[in-house]
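Colleague: Sequence first, predicted model second:
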Amino acid sequence: MMQDWNTYRDALIARVNEYGTLTPDVVRGLMTIEGAAVKTGKLEPKIHELIALAVAVTTRCDGCITVHTRKAVEHGATLEEISEALGVAIALNAGAALTYSARVLDAHAVLPNK
């Protein structure tokens, strides 16, 4: 069964807010980094959210997926645009596996007594 993403997102945000009361400096630090990433204004917010979604998929972060899906839609992203961003994530993840496979071959090549 698929997750109830709205309930999950609401519960996650509540828990993160609770965490923020316990360690406000950590959460403020994260918000500072996030704010700095958008401060230049060179990319429109929708593009930031599409990038965030692609990264969320490659890092397998459910919390990021639910939060940034909502934000992407709020900034006008269509399902087609989201799907294209996900396609980039899929292509990059597979490409990364191929690249790291080459590293395994390199590591194997230097082993003695193969």
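Modeller: On my side now, so go ahead. Numbers count the residues shown, from 1 in each chain.
Colleague: Let me see the contact set for Glu81.
Modeller: Counting by C-beta atoms under 8 Å, 6 or more residues apart in numbering, Glu81 touches Lys46, Leu50, Ala72. C-beta coordinates here come from the backbone N, C-alpha and C atoms, glycine included.
Colleague: could you point out which element follows the strand or helix carrying the first one?
Modeller: Right, Lys46. For Lys46, the element it lies in under DSSP states H and E is helix 45-59. As assigned by DSSP H and E, the chain's next helix or strand after helix 45-59 is helix 62-74.
Colleague: tell me what that next one is packed against?
Modeller: Under the contact criterion of 3 or more C-beta pairs under 8 Å, 6 or more residues apart in numbering; DSSP states H and E, helix 62-74 touches helix 5-22, helix 45-59, helix 79-109.
Colleague: deepest of those helices, which one?
Modeller: Of the helices and strands packed on helix 62-74, the one with the most neighbours on average (mean count of other C-beta atoms under 10 Å) is helix 45-59, at a mean of 19.
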